[in-house]
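Engineer: Dropping the sequence and predicted coords here.
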2 protein chains.
Amino acid sequence: MFETIQALAEPNRFAILQLLKNSELSAGKIADNFKDITRPAVSQHLGVLKNAGLIVERRVGTSRIYRVQPKGFSKLKTLLEGFWDPKLEKLKMAAEKEEKKKRRKS
Amino acid sequence: MFETIQALAEPNRFAILQLLKNSELSAGKIADNFKDITRPAVSQHLGVLKNAGLIVERRVGTSRIYRVQPKGFSKLKTLLEGFWDPKLEKLKMAAEKEEKKKRRKS
DNA sequence: CCAATATTTAAGTTTACACTTACGTAAGTT
DNA sequence: AACTTACGTAAGTGTAAACTTAAATATTGG
């Protein structure tokens, strides 16, 4: 989970995700969008994002095509929702415990 | 916006938010939960979180009471939702543009 | 006013990590 | 088999930021 936040918390990585939001791209095409950092740097960022489960890689010839993996964002998204209204979240948690109790009974 | 992510992307700060999720706490009470770092370190983290709009401060006597500010999370939350299904997000954006166009006409 | 409590601020140190250059690898082409 | 294309990986460097100790500030109580 924390891996997710760490991965997001770097401007260039965040920009990469924005790019991939629209369409899948090869490592090279992604790197073309960054004039301030070198291609290996982009490659390293892709590694971090992949490791965090935010993107997936697919090989085509000598190229590697990357695309976002939506489910990689879901845990963090849910967690942030928990901050939106702490009291509601606590109620939700309690409700879920009740639910489990019920299931154990049946 | 990026301030928000940066603020979240530090384990101790994240832990502070988890603490404040349940109840508001004074700086001292918060610091008591961290044995690995000193009180000034916690104070600095509180500063970052406050600066990012994730928490708010209230003074009572010599104490400072902190609590989470839910709205500080909303922008990031919305943004992450955008990654959940990129295609839907694009449709949403298009719809919003249409909406604006309509408003300009009327 | 002086002391105590609760906390932040300042200054300097340490550490994590983003970056670069150089090299390695794997697939396709001649 | 040698070359090219498209990458990733390794190793070392520089810098931002998290941390510590020491000092400053603000509020309360005697």
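Structural biologist: Nice, thanks for sending it over.

Engineer: residues in contact with the residue of chain A found nearest DNA strand D?
Structural biologist: Closest to DNA strand D within chain A is residue A:28: 2.2 Å, counting by C-beta to the nearest atom of the strand. Placement of C-beta: from N, CA and C, glycine included. Residues in contact with residue A:28 (C-beta atoms under 8 Å, 6 or more residues apart in numbering or on different chains) are A:39, A:63.

Engineer: so it, which of the three states?
Structural biologist: helix (DSSP: H, G, I helix; E, B strand; the rest coil).

Engineer: Next one: it from residue A:60, what distance?
Structural biologist: Shown here: residue A:28 relative to residue A:60, a distance of 12 Å by C-beta to C-beta, to the nearest Å.

Engineer: same thing with residue A:29?
Structural biologist: In terms of C-beta to C-beta, residue A:29 sits 12 Å off from residue A:60.

Engineer: Next up, the contacts around the nearest residue to residue A:53 once chain neighbours are set aside.
Structural biologist: The spatially closest residue to residue A:53, leaving aside those adjacent along the chain, is residue A:72, at 3.9 Å (C-beta to C-beta, 6 or more residues apart in numbering or on different chains). Contacts for residue A:72 were tallied using C-beta under 8 Å, 6+ apart; they are A:4, A:52-55.

Engineer: Would you mind listing which of the residues you listed are buried?
Structural biologist: Taking 16 or more other C-beta atoms under 10 Å in any protein chain shown as the criterion, what is buried in the contacts of residue A:72 is A:4, A:52-55.

Engineer: Okay, and which of those map to helices?
Structural biologist: With helices taken from DSSP state H, the overlap with the buried ones among the contacts of residue A:72 comprises residue A:4.

Engineer: With distance to DNA strand C and pLDDT added, can I get the buried ones among the contacts of residue A:72 in CSV?
Structural biologist: Below are those laid out as CSV (distance: C-beta to the nearest atom of the strand, whole Å; pLDDT from 0 to 100):
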residue, distance to DNA strand C, pLDDT
A:4, 13, 96
A:52, 11, 97
A:53, 16, 97
A:54, 13, 97
A:55, 15, 97
